[in-house]
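> structure, please.
(6 chains)
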Protein chains: 4
Amino acid sequence: MAKKRGQKYDQIIEAAVKVIAENGYHNSQVSKIAKEAGVADGTIYLYFTNKEAILISLFEEKMGKFVQHSKEQLDIETSVENKLLRLISLHLEQLEADYNLAIVTQLELRQSNIALRNRINEILKGYLGLIDSIIIEGVEEGFFSDGLDIRIARQVIFGAIDEVVTNWVMKDHRYELTPLAEPLNQMLLNGLKKH
Amino acid sequence: MAKKRGQKYDQIIEAAVKVIAENGYHNSQVSKIAKEAGVADGTIYLYFTNKEAILISLFEEKMGKFVQHSKEQLDIETSVENKLLRLISLHLEQLEADYNLAIVTQLELRQSNIALRNRINEILKGYLGLIDSIIIEGVEEGFFSDGLDIRIARQVIFGAIDEVVTNWVMKDHRYELTPLAEPLNQMLLNGLKKH
Amino acid sequence: MAKKRGQKYDQIIEAAVKVIAENGYHNSQVSKIAKEAGVADGTIYLYFTNKEAILISLFEEKMGKFVQHSKEQLDIETSVENKLLRLISLHLEQLEADYNLAIVTQLELRQSNIALRNRINEILKGYLGLIDSIIIEGVEEGFFSDGLDIRIARQVIFGAIDEVVTNWVMKDHRYELTPLAEPLNQMLLNGLKKH
Amino acid sequence: MAKKRGQKYDQIIEAAVKVIAENGYHNSQVSKIAKEAGVADGTIYLYFTNKEAILISLFEEKMGKFVQHSKEQLDIETSVENKLLRLISLHLEQLEADYNLAIVTQLELRQSNIALRNRINEILKGYLGLIDSIIIEGVEEGFFSDGLDIRIARQVIFGAIDEVVTNWVMKDHRYELTPLAEPLNQMLLNGLKKH
DNA sequence: TATGAATGAGGCTTCATTCAT
DNA sequence: AATGAATGAAGCCTCATTCAT
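Sure, this is the predicted structure:
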C-alpha cells in the first residue's frame, strides 16, 4: 500500500500545504485535506500510510526539489562568496514565493512530535550538506579561517537564515524578504572569513 | 482564579518541566503533571487557568529569571566583545545545566499552537532586548559596522545560538555545550565587526 | 455534519428514550445511549451535533408524528366537544402506550437548561396550535364564551392535561390514564362553554 | 450538623434564590451562592447538609410561609367562589411580586433530579391540600358537581395556574400576571360547577 | 482504485465536599 | 463558628484509521 507518485499523490500534498497553512497543524484533519484534494478520506491511505507520512512526504518533495535546484545553481557560481549569497538568496526566494509553504515549514511543521522532527531533520541533511560543501570549499581555498568548526559554522548559517525567515513569517510577511539576503550574507561571510 | 506564586505553584512548574521533558508535550497529561507535583488534578487549576497557562508561566518564570540574571552579569562586563561572549556563555550554561529545561524550550515548547507561540515570543522580547542593547552599544562605540541592520543582526545572533542549542539537545547532549560559546562568539563578533 | 434520518438515527433516538427513562437525564451518558443503540460513541456524532441535539430531535420526532396524527384524527370529528375529547384522549393514549416516552417528556426533558427549554417550547407550538384551533372553532360557533381569552384558555387546557399526565407518571403509572380523558374533558368544556 | 435557622441560614437561602434566578440552576455553584451570601464555602455546610438541601429548604421556607399566609386569607373568605379566586390571586400575586422566586420555582427548580422533585412534591402537598379543601367545600355545599373527581379537579386547578405562571415567566414577565386571576377563576369555577 | 460510514480510545476541566486551622 | 485551600471523580467529544462495497 501507500504508492508513491500519481496525480492524486501530488494533489494531496498540495492540499496539505494549503490546509495546514490556512488552518494550522492541529486543526488540519485528514478529512479536511481529503476534501481540499477532492478525494475521499480513505483514498489518502492509498497513497500515504498515515497522516504523518503526508507531512514527511510534503517536506521531502519540497525540500528535495529545492536542494536539487540549489545544487545546480551553486555549480554555476565560481567563488565561495557568491555561492553563499546564492544559497541564501535561493532560500529566501523560494519561501517568499510560496508563503503557504513558508508557514508550513517555519511554524506548523515544528508543532509535530519529536519522532517526526527527527525524520524532518533527516531530510534536512541534504540541505545542510550544501551548506557544508560551501564551508569546506571556503576553508580549503583559505578564504575561511583555518580552525573553523564546520559543525558550528553550519549551525550558525542555518540558524541565522532560518530565524530570519521565521521572523518574516510571524510578522505576516509585511516586508520583503529577499533584500535581506545581501546583509545576511555579509554578516555570515565576515563571521567565517579569515581576517 | 489562577493565583501566582506559592509553594505549589513552583512545584507544578518544576513537575511540568520534568514531565514534558520525559514524555513530550503531547503526551504530558495534566494528571501526569499533577501526580509528579504531588497535588490533585484540580489543584492545578487553582494556580493555572488551563493547561496552556502552565507552559506560558513556565517559560515566563524561567526566562524572567534568566533575563534578570543575565542583565546583572552583562553590567559587570565593560567591553562589547565580552558582553556578547558573556551572553552566549550564560545562555549555553543555563541550558546545559538543566537538560530537561533545554528539551522543553528547544523542542517541546515549539510544538504548541501559533497563539501560544505568540505569547512565547512576547516573553522572549525581554531576552531579545538584551541582544539589541549589546548591538546598539557596539554600533555606538564604532566597534560594529555603521550600517548594521539591528533587526537582522539580532536574528542572526539569536538564530545561531538557538540552533546550536537545539542541535545539542537533539544529539542527546552527547557533547559539551559551553565550550562552543567561544567559537560561536568569534563568528558572531566577526560577522558584526567593522573591518 | 449531523445527518437526519437513517436507520441508525432512529436507533439512537429509541435508545435515548429507553436509557433516559431508566437512568434519568443526568445519568444518561452518551456512551450509555450508544451502547443501547448498538453503535459506537462516535457514531452518535454523525447523526447529532451534540448530546442536547439528541433530546431536541427526540422530542421533535415524537411530537411531530403525534401532532400530524392528531390533526388527521381531529379532522374526522365534527363537533368542538368531540374534538377536545379526541385531543385529550389521543394525548393520554399516546403517553399511556409508551411509559418510557412519558417519563422522558414529563420529567426528564424538563431538567434541561433554559436554552433547551426554549427549543422544546418552539416544537411544542405545533401542538398548542391544535388546541388553539379547537378554541377558535368553539368561539366562532358560539359554543364557547364570547370574551374567551384564547391564550389563557390554551394554558388552562394544556396545563391541566400536562399536570394529569405528570401525576400519573410520578405515581408510577399505577392507575389507568385514558379513563381520565372523559372527566377531564367535561371540566375543561364546562370551563370554556357559554352558560 | 446542618442547623436550621440563624441569620446566615436566611442569608444563604436568599442568596440562592438570587444566584439561581440570575445564573440558572446548572450554573449556580455552591461557591457562587456562598459569595453572594457573604460567607465561606465551607460555612454553607454548617447550615445545609448538601447543595440539594439548600434547594429543598428554599422551597420549604417560601412555600411554608405562602401556605400559612394563604390559609389565613382563605379563612376570611366565606363563599367557595371567593375562596378559589383568592387562592389564585394570592398565587399570582406572590410570584409577580418576586420575579426571582418565580424563575426559580417555575423553571430552575424543575431542572433538578427526580429525587429532589419528589421532595418538592412532598412540600407541595401543603398547598395542594388548600386546593383540596376548597374543592371539598364546594362539593359539600352542592356548588360543585356531585361526582367530581377531587384528584382530577385538583390537578386541573394546579396545572392551569402553574402553566399560566410558567408562561408569564418564560415570556420575561412582559405582561401583568394578577389580572389573569379573574378569567382564570371563571374558567376553573365553570369547569367545576354543577350546571 | 475509490469511497465514506463507522469506529472507539483518550483527556481537559468542573465543582460539590472536606478538614486543618 | 468560620474559613478556603485542596481534593478527585466523571463525561463529552474529536479524529485518525479501517473496511465493506
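
> okay, which residue is most central for chain A?
Most central in chain A under C-alpha atoms, centre = their mean is residue A:63, positioned 5.5 Å from the mean C-alpha point.

> any idea which helix or strand carries it?
Following DSSP states H and E, one finds residue A:63 within helix A:51-76.

> continuing past that helix, what's the next helix or strand?
Toward the C-terminus, helix A:51-76 is succeeded by helix A:80-97 as the next helix or strand (DSSP H and E).

> what residues does that next one touch?
Outside of helix A:80-97, the residues within contact range by C-beta atoms under 8 Å, 6 or more residues apart in numbering or on different chains are A:66, A:69-70, A:73-74, A:76-77, A:101-102, A:105-106, A:130-131, A:134, A:137-138, A:141, A:143-144, A:157, A:161, A:164-165, A:168-169, A:173, A:176-178, A:180-182, A:184-185, A:188-189. Any C-beta I mention is one placed from the backbone N, CA and C, and that applies to glycine too.

> and with 6 Å instead?
Helix A:80-97 has contacts (C-beta atoms under 6 Å, 6 or more residues apart in numbering or on different chains) with A:66, A:70, A:73-74, A:77, A:102, A:134, A:137-138, A:143, A:161, A:165, A:177-178, A:181, A:184-185.

> alpha carbons only: can I get it in PDB?
This file holds the C-alpha atoms of helix A:80-97, laid out as PDB (Å, rounded to 0.1, in the frame of the first residue of the first chain):
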ATOM      1  CA  VAL A  80      32.700  30.800  -2.300                       C
ATOM      2  CA  GLU A  81      31.300  34.300  -1.600                       C
ATOM      3  CA  ASN A  82      28.900  34.100  -4.400                       C
ATOM      4  CA  LYS A  83      27.900  30.600  -3.600                       C
ATOM      5  CA  LEU A  84      26.800  31.500  -0.100                       C
ATOM      6  CA  LEU A  85      25.000  34.600  -1.300                       C
ATOM      7  CA  ARG A  86      23.300  32.400  -3.900                       C
ATOM      8  CA  LEU A  87      22.300  29.800  -1.300                       C
ATOM      9  CA  ILE A  88      20.800  32.400   1.000                       C
ATOM     10  CA  SER A  89      19.000  34.100  -1.900                       C
ATOM     11  CA  LEU A  90      17.500  30.900  -3.200                       C
ATOM     12  CA  HIS A  91      16.400  30.000   0.300                       C
ATOM     13  CA  LEU A  92      14.700  33.400   0.800                       C
ATOM     14  CA  GLU A  93      13.300  33.500  -2.700                       C
ATOM     15  CA  GLN A  94      11.700  30.100  -2.500                       C
ATOM     16  CA  LEU A  95       9.800  30.800   0.700                       C
ATOM     17  CA  GLU A  96       8.900  34.400  -0.200                       C
ATOM     18  CA  ALA A  97       7.400  33.000  -3.400                       C
END
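
> about what we covered before: any quick ChimeraX command for the buried ones out of the contacts of helix A:80-97?
Selection of the buried residues among the contacts of helix A:80-97 in ChimeraX, burial being defined by 16 or more other C-beta atoms under 10 Å in any protein chain shown:
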select /A:66,70,74,102,134,137,138,161,165,177,181,184,185
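
> tell me, how many residues neighbour the closest residue to residue A:152 other than its chain neighbours?
What sits nearest to residue A:152 in space, not counting adjacent residues and going by C-beta to C-beta, 6 or more residues apart in numbering or on different chains, is residue B:183, at 5.4 Å. By the criterion of other C-beta atoms under 10 Å in any protein chain shown, residue B:183 has 18 neighbours.

> before we move on, back to that, secondary structure element for the closest residue to the residue nearest to the centre of chain A other than its chain neighbours?
Once flanking residues are discounted, residue A:63 sits nearest to residue A:123: 5.4 Å by C-beta to C-beta, 6+ apart. Taking DSSP H and E as the criterion, residue A:123 maps to helix A:114-140.

> find the closest residue to DNA strand E in chain A.
Going by C-beta to the nearest atom of the strand, DNA strand E is nearest to residue A:42 of chain A, at 1.7 Å.

> any idea how far the helix or strand harbouring that residue is from the middle of the chain?
Per DSSP H and E, residue A:42 falls inside helix A:41-47. With C-alpha atoms, centre = their mean, to the nearest Å as the basis, helix A:41-47 stands 26 Å off its chain's centre.

> what residue ranges in chain A score low on pLDDT?
A:1-4 (pLDDT under 70).

> I'd like the distance between residue A:75 and residue D:124.
From residue A:75 across to residue D:124, the span is 92 Å (C-beta to C-beta, to the nearest Å).

> of these two, give the one with the bigger neighbour count.
residue D:124 (15 against 9).

> that one and residue D:110, how far apart?
For residue D:124, the distance to residue D:110 equals 12 Å [C-beta to C-beta].

> enumerate the residues of chain A near chain C.
By C-beta under 6 Å from any C-beta of the partner chain, no part of chain A sits against chain C.

> on the three-state scheme, the residue of chain A found nearest chain C is what?
Per C-beta to the nearest C-beta, residue A:31 is where chain A lies closest to chain C, at 10.6 Å. Look at residue A:31: counting by DSSP: H, G, I helix; E, B strand; the rest coil, its state is helix.

> and the gap between it and residue A:41?
On the measure of C-beta to C-beta, residue A:31 and residue A:41 end up 5 Å apart.

> repeat for residue A:72
For residue A:72, the distance to residue A:41 - C-beta to C-beta - is 38 Å.

> looking at those two, which one has more neighbours?
residue A:41 (13 against 9).

> what's the closest non-adjacent residue to residue A:51?
Counting by C-beta to C-beta, 6+ apart, the residue nearest residue A:51 is residue A:30, at 5.5 Å.

> could you list the residues in contact with the helix holding residue A:42?
A:3, A:9, A:12, A:30, A:31, A:34.

> the fifth one: how many residues sit nearby?
Taking other C-beta under 10 Å as the criterion, the count of residues near residue A:31 is 11.

> check the one 4 residues further on too.
The burial metric for residue A:35, expressed as a neighbour count using other C-beta under 10 Å, is 14.

> what angle separates the strand or helix carrying it from helix A:51-76?
Per DSSP H and E, residue A:35 falls inside helix A:30-37. Per axes from the mean of the first three to the mean of the last three C-alpha atoms, to 10 degrees, the angle that helix A:30-37 makes with helix A:51-76 is 50 degrees.

> find the nearest non-adjacent residue to residue A:176, please.
That would be residue A:96: by C-beta to C-beta, 6+ apart, it lies 7.4 Å from residue A:176.

> any idea how far residue B:151 is from that neighbour?
In terms of C-beta to C-beta, residue A:96 sits 17 Å off from residue B:151.

> again with residue A:142
33 Å.

> residue A:177 too?
Residue A:177 is 12 Å from residue B:151, by C-beta to C-beta.

> cool, residue A:132 as well?
For residue A:132, the distance to residue B:151 - C-beta to C-beta - is 28 Å.

> next, count neighbours for the residue nearest to residue A:63.
For residue A:123, using other C-beta under 10 Å, the count is 17.

> wait, it touches residue A:60, no?
Yes - with contact defined as C-beta atoms under 6 Å, residue A:123 and residue A:60 form a contacting pair (5.3 Å).

> how many neighbours does residue A:83 have?
Residue A:83 - counted by other C-beta under 10 Å - has 20 other residues nearby.
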